[in-house]
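Chemist: below are the sequence and a predicted model for it; my questions follow.
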Amino acid sequence: MTSSEAIPILLSLASSLMFAVTFIFVKMAGKSASSLAALWVTLTTNVVFLWAWSLMRDKGSISPSVEWQYFALAGIFAPLLGRLFQFQGMARLGANITTPITLTHPVFTVFLAAIFLGEILDSEIFFGIMLVLAGSMLLGLQSGKDSMSCTIAPKPYLLFPLAASLAYGVSVLFRKIGIDIGTDAVTAAAVTTSTSWLLFALYLVAFRPSGVLRCELPELVGFVAAGVFSSLGPVLLYMALQVGRVSVVAPLASTTPFFVLLVTGLFMRDEEVFNKWVVLGTIFTVLGVGLILYFGVS
């Protein structure tokens, strides 16, 4: 493996780790606060953090350009819709169930890249995608077992992580199109998250959901910390997309279940569905990602 092949791999894995830390902070902090409160605080943190970073990089001078339209479109799907559906799923199904299902987004991304970007989808990569699907479905079937919180959760709640998966998958495609035209990764991430923030703010103004932004100080601190890490995640993802193929970067960015499984197994075992089937499903997911990676690079 050459250094040019290693760079997008390392950046994608680093992005995956940042998102894993994000999900854990949200899960730990969001004991009583609503998922909408978590979304608002994390998105606001994203906007402030990323634009401050971008302005410091460019010494206060930023000019809009044509590729921003693709970043704006990406922002509609993720983080806004993707994170909204994911947080709803985490509140009802737990992180170990929701996260791996949500992170099947490479299935959508790879197919979309093959259709719209002309990337090759060969049989080995397709088999990897099927492994990802098998692992995620196995995890989904556990949603009614081994946990009080999941016993009362109807199966339709599985639509939340599946919808999040589709949203993330479409978003990655728009990000790749935009970043190939130009713009640095930090500004691209700032535009993407700003779009999500603006649309969510309009939703709050229009519908005024009662008590949605109410949270205690420890929860607020946890959500802000999640926002910082979820700001680093898309920057690293954009950097990976600048130098790598979508069919390689997107699956690697979905290895987050490994990190989530590790952390929740160590620190949150009593609160999550954690059994041999969850472990096996996560292994299937990661193995599928590995196959896509191996044959995508070779």
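Modeler: Received it, and whenever you're ready, just let me know what you need. The structure presented is a predicted model; accordingly, all values stated were derived computationally and were not measured.

Chemist: immediately after the lowest-mean-pLDDT helix or strand in the chain, which helix or strand?
Modeler: Within the chain, confidence by mean pLDDT, DSSP states H and E is lowest for helix 148-151 among all helices and strands, at a mean of 44. Downstream of helix 148-151, the first helix or strand assigned by DSSP states H and E is helix 159-181.

Chemist: for that next one, name the packing helices and strands.
Modeler: For helix 159-181, the packing partners by 3 or more Cβ pairs under 8 Å, 6 or more residues apart in numbering; DSSP states H and E come out as helix 68-75, helix 82-93, helix 95-102, helix 105-116, helix 185-207, helix 217-243, helix 246-252. (Glycine included, C-beta is placed from N, CA and C.)

Chemist: residues making contact with the shortest one?
Modeler: Pointing back at helix 246-252 there. 8-9, 11-13, 16, 105-106, 109-110, 113-114, 117, 119-121, 125, 128, 132, 169, 172-173, 176, 237, 240-241, 288-289, 292-293, 296-297 (Cβ atoms under 8 Å, 6 or more residues apart in numbering).

Chemist: so for Ala114, what's the nearest residue that isn't a sequence neighbour?
Modeler: Leu121 (4.2 Å; Cβ to Cβ, 6 or more residues apart in numbering).

Chemist: which residues are in contact with the one you found?
Modeler: 110-111, 114, 247.

Chemist: pick the one among the residues you listed closest to Glu216.
Modeler: Nearest to Glu216 among the contacts of Leu121: Val110, at 41.2 Å, using Cβ to Cβ.

Chemist: how many residues are close by that closest one?
Modeler: For Val110, the count of nearby residues is 28 (other Cβ atoms under 10 Å).

Chemist: how near is the nearest residue to Met239 once chain neighbours are set aside to Asn46?
Modeler: Excluding its sequence neighbours, the residue lying closest to Met239 (Cβ to Cβ, 6+ apart) is Ala185, at 4.5 Å. As judged by Cβ to Cβ, to the nearest Å, Ala185 and Asn46 stand 14 Å apart.

Chemist: who has more neighbours, the two?
Modeler: It is Asn46, of Ala185 and Asn46, that has more neighbours when counted by other Cβ under 10 Å, with 27 against 20.

Chemist: for the more buried one, give me its contacts.
Modeler: Here Asn46 is in contact with 79, 189, 193, 196-197, 227, 230-231 (Cβ under 8 Å, 6+ apart).

Chemist: equivalent analysis for Leu280, please.
Modeler: Counted by Cβ under 8 Å, 6+ apart, Leu280 has contacts 135, 138.

Chemist: can you tell me the closest non-neighbouring residue to Ile177?
Modeler: Tyr70 is the one closest to Ile177 (Cβ to Cβ, 6+ apart), at 5.0 Å.

Chemist: can you name the two of the contacts of Leu121 that are farthest apart?
Modeler: Spanning the widest gap among these are Phe111 and Ser247, at 9.7 Å by Cβ to Cβ.
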